[in-house]
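> Need coordinates for the following:
(2 chains)
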Amino acid sequence: MTAGYEVSMKKIAVCYKWVLSDGDIRVNEKTRELDMEKCKPQVNDYDRNGLECGVQIKKATGRELVGVTCGASVAASAKDALSRGLDAVWYVEDPALAEVDKVGAAKVLAAAVKSIGDVDVVICSEASSDDYAQQTGPRLAALLDMPSVSYVVKVGAGGDAFTLERRLEEGMETVEVTAPLVITVSPEVGDAPIPGVKDIIGAKKKPANALTLAGIGISADAVKPRSTRVSVLAPAMSRRKQIMNPEGVSLDQAAAALVKQLSTDGVL
Amino acid sequence: MSVIWIVAENPDWAAVLVSAAKSVSADAKITVFTPSLPADGLWEDYTPALVAKAKAEKPSLILLGTSRRGRDLAARSAALLDAPCFSDAKNLALNGNAFTCDTNVYGGTAVRTDSTTEPLVLATIGPKTFEPDPAGVAGASVGTLEYSPGRTKVTGRKPRPPQTVNLGEATKVVAVGRGFSEEKDLAAAKELAAALGAEVACSRPIAEFFKWLPEECYIGISGQIIKPQLYVAVGISGQAQHTFGIRDAKVIVSVNKDAECLMHQHADYCITGEWQMVIPALIKAVKA
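Model (predicted):
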C-alpha cells in the first residue's frame, strides 16, 4: 500500500429498532387501552437475529460491523447493541422522530447508512415486534438503490459474493447476488447468543456515534407521519382464566374436572 | 379512490384483492396486474415497472397480498413512490378523501386504526381477510408490467414438501412450546393429542429453531392462524405473537409450570404444573 493512501474497509450495517418490551403491556379491561408503564426499551427481538447474522458475515468476509438506529430516544440503545458483536454504533436521535412512521424511518436509515460511508452490506430483520409491518428492509433497499433479498434463512458469503436462501410460502428460493445489497433475515437465520459479561464490559469501550437529522440531510418535514393514528385498542377477548388446580386440588382431580368441563362445553 | 390497482401473484390472490378493492369503493375503476414469475429472477423485481407506471397513471390505492413476495414488492414500491403502506390491513374504508384501515400492533395485542389523506396509499391484504370475489377478476381491467431483471439471480427453487397436517381444518389441537427441552419429549404431547383425537402444533421456535415439527405446524401472527374448537397449549409462555393465531379458538386450555405466564391470561382453563406430571393425568382423565 502506498504511504498516505488508505483503502477504507467495507462495512456491514445492521439496522435495529429500540422498542418497548411488548410482553409487559397490560390491557385496561374496561377501556381496552394499553398500559405501557411496565414496558422497558430493548433491542427488538427480531433484530437480535439480524445482529448475529452480521457477526457471521463479518467472520466470513472480514468487513467492519456497525449498527444503525434512529428514534426520539435511542442513545441508550448503543451499549446494548454494542454488546452483541458490533464494532461501532451510529444513531440518529431527534424529538422529531417520536412518531416517525415506516416512510420516514426508512429515509433516515438510508441517509444514515450513506453518511457512515463504505457500507456495502445492509442487514435488517424481518420486522419489529411492535408493528410487525415487514417493510423496513425492502424500503431501505429501494431508497439505497441496492438489490433487496428478503425472508433470508441462510447466508453464504465469500468476499462480495452472496448466496442466500429465502423461505417463501411455496418453498425455498436460492438467490445469488454481489454486494452491495440489503439482506432482510427471518429469525430462522440463527439464534442470537445472550451477551456475556465480557461482551457487556467490552461494549463500553466501543464507539457510539451520534448523527443529526440535519447532518444527514433529512428535514423535519420528511419524517412527519403520513397518517394519523385514530386509536390503538386491544380487541375484546374474554377468556375465563379458570385455574383448575388451586391449592388443595390434585393434578388428577384437576384433569378429571377439566375433561368434564370440556365435555360440557361441547369441545371434546 | 376512484382508481385502484391490484398486483397479485396469481388469480386466487387477485380474487381476494378484488373483494378488498370493492369494499373500499363499490364503483372503483379496478386494474389487475398478475405478472408471471420470472424463471431466474425475483418476482419482486417488478418494482421498477410498477413504480414507473404508477407515477405516470397515478392510481390512488395499490393493493397486494400479504405473501412474502407481495409484502416485499409493496414495501419497495411504496418507498420509491414516497407513499405510506399498511401491512396486513383490515376494515379498509373511505370517508370523503380520508382512507382508514386497521393494522395489528404489538404482536396482535392491539389494533391500530389509521387515517390518511395521502394521494397514494398502498396496502397488503391477508388471504382470509376477504372472501374471494365470485366474479374473480371479470369486471376489472387487465394491466401488464414489463419485467426488468435486477442484479439478483435465482439459481434454484425447491417447492415445500406436501403438507402432512392441515391445522386449519383441525377441530382439536395440542400445541407445544419451549417448555419442552428435548425432541423426544414431544412423544408425551403426541400421546395426549392421540387420546384427544387432536393434531399437534407448536410455537415458532419449536418449528424454526429446533425443527422438531414442520414449518406449517407453528401457530402465530407469522404462521398459522386457526380456530379450532379446543386448543391445548402445553409449555407455551403465551406471547402475543403466538396467541394471535388462536384468538378465535372456542376453548383454550393452558398447561404451564409458571402460574404467572401470559398463556394462562389467554386461556379458559389453566393447570399450573410440570407437563411431565400434567400430561399423564390428562390422558388418564380422557381415557376414564
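> Quick check: buried residues in the helix or strand harbouring A:Val232?
Element membership of A:Val232 [criterion: DSSP states H and E] is strand A:228-233. Along strand A:228-233, these residues count as buried under the neighbour rule (16 or more other CB atoms under 10 Å in any protein chain shown): A:Val232, A:Leu233. Every C-beta, even on glycine, is put in place using the N, C-alpha and C of the backbone.
> can it be found next to chain B?
Yes. Under the criterion of CB under 8 Å from any CB of the partner chain, strand A:228-233 makes contact with chain B via A:Thr228, A:Arg229, A:Val230, A:Ser231, A:Val232, A:Leu233.
> Tell me the helices and strands packed up against that strand.
With contacts defined as 3 or more CB pairs under 8 Å, 6 or more residues apart in numbering or on different chains; DSSP states H and E, strand A:228-233 has these neighbours: strand B:110-116.
> so B:Met263 sits in a helix?
Yes. Assigned with DSSP: H, G, I helix; E, B strand; the rest coil, B:Met263 falls within a helix.
> Quick check: the gap between it and B:Arg178.
In this structure, B:Met263 and B:Arg178 are 11 Å apart, going by CB to CB, to the nearest Å.
> do B:Ile62 as well
As judged by CB to CB, B:Ile62 and B:Arg178 stand 39 Å apart.
> These two: which has the busier surroundings?
Regarding B:Ile62 and B:Arg178, a neighbour count based on other CB atoms under 10 Å in any protein chain shown identifies B:Ile62 as having more, with 28 against 15.
> Show me what counts as buried in the host helix or strand of B:Ala20.
Element membership for B:Ala20, per DSSP H and E: helix B:11-24. Buried residues in helix B:11-24, counted by 16+ other CB under 10 Å: B:Trp13, B:Ala14, B:Ala15, B:Val16, B:Leu17, B:Val18, B:Ser19, B:Ala20, B:Ala21, B:Lys22, B:Ser23, B:Val24.
> remind me, longest helix of chain A?
As far as residue count goes, and with DSSP state H defining each element, the longest helix of chain A is helix A:45-61.
> what are the ranges of the strands in the stretch 1-150 of chain A?
With DSSP state E, counting those that start in this stretch as the criterion, the stretch 1-150 of chain A has strands at A:11-15, A:18-20, A:26-27, A:34-35, A:41-43, A:64-71, A:88-93, A:119-125, A:148-158.
> Next: the stretch 151-288 of chain B.
Assigned strands in the stretch 151-288 of chain B, in chain order: B:153-159, B:172-176, B:199-202, B:230-234, B:251-256, B:269-272 (criterion: DSSP E, counting those that start in this stretch).
> Does the third one reach chain A?
By that I understand strand B:199-202. No. With CB under 8 Å from any CB as the criterion, chain A is not reached by strand B:199-202; the gap is at least 13.9 Å.
> show me what contacts A:Cys39?
The neighbours of A:Cys39, taking CB atoms under 8 Å, 6 or more residues apart in numbering or on different chains as the test, are A:Leu20, A:Ser21, A:Asp22, A:Asp24, A:Ile25.
> can you rerun that using 7 Å?
By CB atoms under 7 Å, 6 or more residues apart in numbering or on different chains, the contact list for A:Cys39 reads A:Leu20, A:Ser21, A:Asp24, A:Ile25.
> got a list of what the third one touches?
By CB under 7 Å, 6+ apart, the contact set of A:Asp24 is A:Lys38, A:Cys39, A:Lys40.
> Please report how far the second one lies from A:Asp45.
The reference is to A:Cys39. For A:Cys39, the distance to A:Asp45 equals 13 Å [CB to CB].
> overlap in contacts of the two?
With the criterion set as CB under 7 Å, 6+ apart, the contacts of A:Cys39 and A:Asp45 do not overlap.
> Look up phi and psi at the closest residue to B:Pro161 other than its chain neighbours.
The spatially closest residue to B:Pro161, leaving aside those adjacent along the chain, is B:Pro214, at 7.6 Å (CB to CB, 6 or more residues apart in numbering or on different chains). For B:Pro214, the backbone dihedrals (degrees, to the nearest 10) come out as phi -60, psi 160.
> So for stretch B:100-111, mean pLDDT?
Across stretch B:100-111, pLDDT averages out at 93.
> Likewise for stretch B:25-34?
The predicted model gives stretch B:25-34 an average pLDDT of 94.
> end to end, how far does that stretch reach?
With CA to CA, to the nearest Å as the measure, the ends of stretch B:25-34 fall 21 Å from one another.
> which residues make contact with it from outside it?
By CB under 7 Å, 6+ apart, the list of residues contacting stretch B:25-34 reads B:1-8, B:10-11, B:14, B:18, B:21, B:94, B:137, B:140-145.
> now do stretch B:263-273
Counting by CB under 7 Å, 6+ apart, stretch B:263-273 makes contact with A:239-245, A:251, A:254, A:258, A:261, B:233, B:236-238, B:243, B:251-257, B:259, B:278, all of which sit outside it.
> Now, the contacts of stretch B:25-34 that are in helices?
The subset of the contacts of stretch B:25-34 that ends up in helices is B:Pro11, B:Ala14, B:Val18, B:Ala21, with DSSP H as the criterion.
> Pretty sure the third one sits against B:Glu131.
No. No contact is recorded between B:Val18 and B:Glu131 when judged using CB atoms under 7 Å, the distance being 10.6 Å.
> joint contacts of the two?
Common neighbours of B:Val18 and B:Glu131, using CB under 7 Å, 6+ apart, do not exist here.
> Now restrict the contacts of stretch B:25-34 to buried residues only.
The neighbour-count test (16+ other CB under 10 Å) applied to the contacts of stretch B:25-34 identifies B:1, B:4-8, B:14, B:18, B:21, B:94, B:137, B:140, B:143, B:145 as buried.
> How many residues are close by residue 102?
Unless you meant another one, I'm taking chain A. By other CB under 10 Å, neighbour count at A:Lys102 equals 23.
> hm, I was asking about chain B
Neighbours of B:Asp102 (other CB under 10 Å): 20.
> ditto for A:Lys59
Using other CB under 10 Å, A:Lys59 has 12 neighbouring residues.
> do the one 4 residues further on as well
A:Arg63 has 24 neighbours, counted by other CB under 10 Å.
> and what of B:Pro159?
Residues lying near B:Pro159 (other CB under 10 Å) number 8.
> Do I have it right that it meets A:Met172?
No. Look at B:Pro159 against A:Met172 with CB under 7 Å: they stay out of range, at 8.3 Å.
> contacting residues around A:Leu164?
A:Leu164 sits next to A:Val149, A:Val152, A:Val155, A:Val175, A:Val177, A:Ile183 when contact means CB under 7 Å, 6+ apart.
> Low-confidence bits of chain B, can you list those?
Along chain B, the parts satisfying pLDDT under 70 run over B:1.
> Show me how it divides into domains.
Structural domains annotated on chain B: B:3-143, B:167-287, as defined by automatic domain parsing.
> can you list the ones you listed in JSON lines and add distance to A:Lys30?
Converted to JSON lines, those look like this (distance: least, CB to CB, whole Å):
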{"stretch": "domain B:3-143", "distance to A:Lys30": "15"}
{"stretch": "domain B:167-287", "distance to A:Lys30": "16"}
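> Any idea which of those gets closest to A:Ala76?
Closest approach to A:Ala76 among those (CB to CB): domain B:3-143, 20.9 Å.
> Give me the distance from the closest one to the chain's centre.
Its chain's average C-alpha position is 15 Å from that of domain B:3-143, according to CA atoms, centre = their mean, to the nearest Å.
> Could you list the single helix or strand in chain A with the lowest mean pLDDT?
Each helix and strand of chain A was given a mean pLDDT (mean pLDDT, DSSP states H and E); the minimum falls on strand A:26-27 at a mean of 88.
> Touching that strand from outside, list them.
Residues external to strand A:26-27 that are found in contact with it (CB under 7 Å, 6+ apart): A:Leu34, A:Asp35, A:Lys38, A:Ala234.
> same thing but 10 Å
Residues outside strand A:26-27 that contact it (CB atoms under 10 Å, 6 or more residues apart in numbering or on different chains): A:33-39, A:233-237, B:109-110, B:265.
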